[in-house]
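Chemist: next input, structure requested:
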Amino acid sequence: MTSARDHARVRLSYDVVAEEYQKRISGELVHKPLDRALLTALVEETGSDMPVADLGCGPGHVTAWLATRGARPVGIDLSPTMVAIARREHPEAEFREGDLLHLPAADAEFAAAIALYSVIHLEPSELRHAFDEMRRVLRPSGLLLVAIHLGTEIRHQTEWWDHDVDIDLHFLATKTVVDALQDGGFTIEAQLERTNYPREAQTRRGYLLARRAADQPTR
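Modeler: The predicted structure follows:
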């Protein structure tokens, strides 16, 4: 189980790189057609003007993009500096500070949720807990889109864009995530893989679209 110290390391590392992250990453969806298509599909199936959680929202660029497609998104991030930047850059959207294992949201608050490369900072043993929390905040039949880096390695970073950091990135096997989702009361509706786009880090990416079971009670 990841310790409170490990969560603090992740939070502080993202605080340190937050401004640079916003400069480099905030326009990334322009170069990611598959990501845009999956997000569009999620919003269209969920319906317009519905609440959608962006879990691990960073500087809020995906949250803001969802708002332009008719959703009512709420961005949630572990890093208070990321949340402050998101509020500064996208005052039209709502942002909250919070942990994936203890989401600052009410039971069944959201019609859908996305977690794009945010569960990679959890130990594999913590995935079930995180998905339990996501199920708790989703309405029955709510959709969840998860994106991961595929593999089995743990990549430790001590430097990121000339900043000192202390952070682990867990590459995950699709089956590991599928099993945790299914154990947490989700059914898998789609699985996709792709190689990296030219402007991305050279990793293979995996996407899972899952639905909270209609008859699965919240925890």
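Chemist: quick one: name whatever helix or strand follows the strand or helix carrying residue 179.
Modeler: Here residue 179 sits within helix 174-183, counting by DSSP states H and E. Sequence-wise, the next helix or strand downstream of helix 174-183 (DSSP H and E) is strand 186-194.
Chemist: what helices or strands is that following strand leaning on?
Modeler: helix 33-46, helix 174-183, strand 205-212 (3 or more CB pairs under 8 Å, 6 or more residues apart in numbering; DSSP states H and E). C-beta: built from backbone N, CA, C; applies to glycine.
Chemist: now those in JSON lines, with distance to residue 82?
Modeler: Putting the helices and strands packed on strand 186-194 into JSON lines (distance: least, CB to CB, whole Å) gives the following:
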{"stretch": "helix 33-46", "distance to residue 82": "19"}
{"stretch": "helix 174-183", "distance to residue 82": "23"}
{"stretch": "strand 205-212", "distance to residue 82": "21"}
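Chemist: residues contacting residue 9?
Modeler: The contact partners of residue 9, by CB atoms under 8 Å, 6 or more residues apart in numbering, come to 166-167.
Chemist: same question for the one 10 residues further on.
Modeler: If you count contacts by CB under 8 Å, 6+ apart, residue 19 has them with 81, 85.
Chemist: give me phi/psi at it?
Modeler: Main-chain dihedrals, residue 19, degrees, to the nearest 10: phi -70, psi -40.
Chemist: quick check: it vs residue 96, distance?
Modeler: In this view, residue 19 and residue 96 are 20 Å apart by CB to CB, to the nearest Å.
Chemist: ok, what's across the strand from residue 167?
Modeler: According to DSSP bridges, the partner residues bridging residue 167 are residue 157.
Chemist: neighbours of it, how many?
Modeler: Neighbour count for residue 167, taken as other CB atoms under 10 Å: 19.
Chemist: how about residue 29?
Modeler: Using other CB under 10 Å, residue 29 has 15 neighbouring residues.
Chemist: which residues are in contact with it?
Modeler: 35-36, 39, 61-62, 65.
Chemist: rerun at 7 Å
Modeler: 35-36, 61-62, 65 (CB atoms under 7 Å, 6 or more residues apart in numbering).
Chemist: adding pLDDT and neighbour count, write those out as TSV.
Modeler: What follows is the contacts of residue 29, written out as TSV (pLDDT from 0 to 100; neighbours: other CB atoms under 10 Å):
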residue	pLDDT	neighbour count
35	97	21
36	97	15
61	97	21
62	98	23
65	97	22
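Chemist: distance to residue 13 for those - can I get that in JSON lines?
Modeler: Listed next are the contacts of residue 29 as JSON lines, based on distance: CB to CB, whole Å:
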{"residue": "35", "distance to residue 13": "23"}
{"residue": "36", "distance to residue 13": "28"}
{"residue": "61", "distance to residue 13": "19"}
{"residue": "62", "distance to residue 13": "20"}
{"residue": "65", "distance to residue 13": "25"}
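Chemist: any idea how far residue 85 is from residue 20?
Modeler: Taking CB to CB, one finds residue 20 at 11 Å from residue 85.
Chemist: distance between the strand or helix carrying residue 63 and the chain's centre?
Modeler: Using DSSP H and E, residue 63 falls within helix 61-68. Mean C-alpha position of helix 61-68 versus that of the full chain (CA atoms, centre = their mean, to the nearest Å) differs by 13 Å.
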